[in-house]
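Asker: This is a predicted model, with the sequence first.
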Amino acid sequence: MITVLSFNEVRATSAGRIGLAPTMGALHDGHLALFRAARSGSDTVVASIFVNPKQFGPDDDLDRYPRDLERDQTLAESAGVDVLFVPPVGEMYPASPRTQVSLGGLTEHFEGARRPGHFEGVALVVAKLLIGIRPTRAYFGRKDAQQLSVVQQLSDDLSIPVEIVPVSTVREPDGLALSSRNQFLSGDERAAAVALSRGLFAAASEVEGGERDGARLEQLVKQELAGHSSLQVEYVGLADSATASTLAGLTTDTFLAVAARIGKTRLIDNVAFSVGDDSVIVDRGELLTGPSVLEEA
Ligand code: PAF
């Protein structure tokens with residue numbers, strides 16, 4: 001694996017089918033799942049690490065965001081990355097960009113409503129990565145379900161010739177979705193945090209039993225969260241996977257999303273549903289079976 005700092009170097013060192021996995025570093029098993037998925041479908045696997053200032057609001061945790069390049073390099077190499085792109089801010093934004101990506105109704109609800117400007121910042125940097133690196137496929141985690149809707153829409157609208165590949169959420173054995181922010185949780189907060197996935201799993205089981213009503217599913221998640229006074233719920237809601245608009249009941253491709261604050265840390269999670277005429281496929285994510293890379297580090 002080589003580490004490079006410029007778009008020119010990425011293009012000079014990548015050949016054949018390029019699989020790109022964009023990240024902000026602080027790698028965990030969820031990122032490694034992106035790299036492994038890219039490995040199996042590509043000749044060159046490119047991973048980027050860039051803590052993108054344009055997607056952090058004034059009250060977000062940009063300064064607190066964990067950074068550890070040496071550790072990330074070891075993990076990326078172990079998961080099959082060929083080219084690690086770590087652009088300095090001046091490479092990504094040589095001048096303050098005037099071009100903005102406007103996402104219309106895609107950002108009206110859920111994360112978009114709570115984090116003004118966040119997805120416009122994500123869309124700008126992802127557009128730059130897709131155009132500058134020209135991957136055949138680009139891999140994004142389902143945990144950021146609304147981000148996935150945004151990235152798919154962006155590549156369709158701008159006719160960027162790339163296949164966007166969703167990768168299932170990776171979870172701790174008790175169900176907590178992996179996130180770089182989990183390391184901020186105290187012992188008590190960590191114990192409460194598992195309520196997010198418990199609530200979502202309870203709702204997913206009802207869906208498998210035939211439930212399609214959004215209010216009922218949301219209620220199940222809220223019930224689980226209500227048992228923990230340290231959790232401040234921001235939203236629980238059912239969304240259309242393509243448009244990230246709110247839904248009253250399950251349609252073809254839907255996700256059930258939750259966001260909550262625990263102390264200073266904000267966590268999000270979701271489960272995804274693909275509903276056919278008389279069947280439903282539920283993507284709850286994958287539980288880690290072995291030790292996580294965080295425990296090994
Ligand atoms: O999901 C993330 O880590 C970021 O939003 C991304 C896609 C790397 C863009 O900065």
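Answerer: Received the coordinates, thanks.
Asker: residue contacts, the residue in the stretch 151-297 of the chain that the ligand sits nearest to?
Answerer: Closest residue of the stretch 151-297 of the chain to the ligand, C-beta to the nearest ligand atom: Val151 (7.3 Å). Placement of C-beta: from N, CA and C, glycine included. Contact analysis of Val151 by C-beta atoms under 8 Å, 6 or more residues apart in numbering lists 122-123, 126, 138, 140, 164.
Asker: where's it relative to Gly141, distance?
Answerer: Val151 sits 11 Å away from Gly141, taking C-beta to C-beta, to the nearest Å as the criterion.
Asker: if you skip the residues just before and after it, what's nearest to the residue nearest to the spatial centre of the chain?
Answerer: Central residue of the chain (C-alpha atoms, centre = their mean): Asp144, 3.1 Å from the mean position. Of all residues not flanking Asp144 in the chain, Ile268 sits nearest, at 7.5 Å (C-beta to C-beta, 6 or more residues apart in numbering).
Asker: ok, now Ser180?
Answerer: Using C-beta to C-beta, 6+ apart, the closest residue to Ser180 is Ala26 (3.7 Å).
Asker: same deal with Ala138?
Answerer: Excluding the flanking residues, the one nearest Ala138 by C-beta to C-beta, 6+ apart is Leu20, at 4.6 Å.
Asker: Which parts of the stretch 151-297 of the chain are strands?
Answerer: Applying DSSP state E, counting those that start in this stretch to the stretch 151-297 of the chain gives strands spanning 163-167, 170-171, 231-240, 253-262, 265-275, 280-283, 286-287.
Asker: CSV for these, including mean pLDDT and distance to Gln183?
Answerer: Below are the strands of the stretch 151-297 of the chain laid out as CSV (pLDDT from 0 to 100; distance: least, C-beta to C-beta, whole Å):
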stretch, mean pLDDT, distance to Gln183
strand 163-167, 98, 21
strand 170-171, 98, 15
strand 231-240, 98, 18
strand 253-262, 98, 13
strand 265-275, 97, 9
strand 280-283, 97, 25
strand 286-287, 97, 19
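Asker: In CSV, list the ones you listed along with distance to Ser180 and mean neighbour count.
Answerer: Output for the strands of the stretch 151-297 of the chain, formatted as CSV (distance: least, C-beta to C-beta, whole Å; neighbours: other C-beta atoms under 10 Å):
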stretch, distance to Ser180, mean neighbour count
strand 163-167, 16, 17
strand 170-171, 12, 22
strand 231-240, 19, 19
strand 253-262, 15, 22
strand 265-275, 11, 22
strand 280-283, 21, 15
strand 286-287, 18, 14
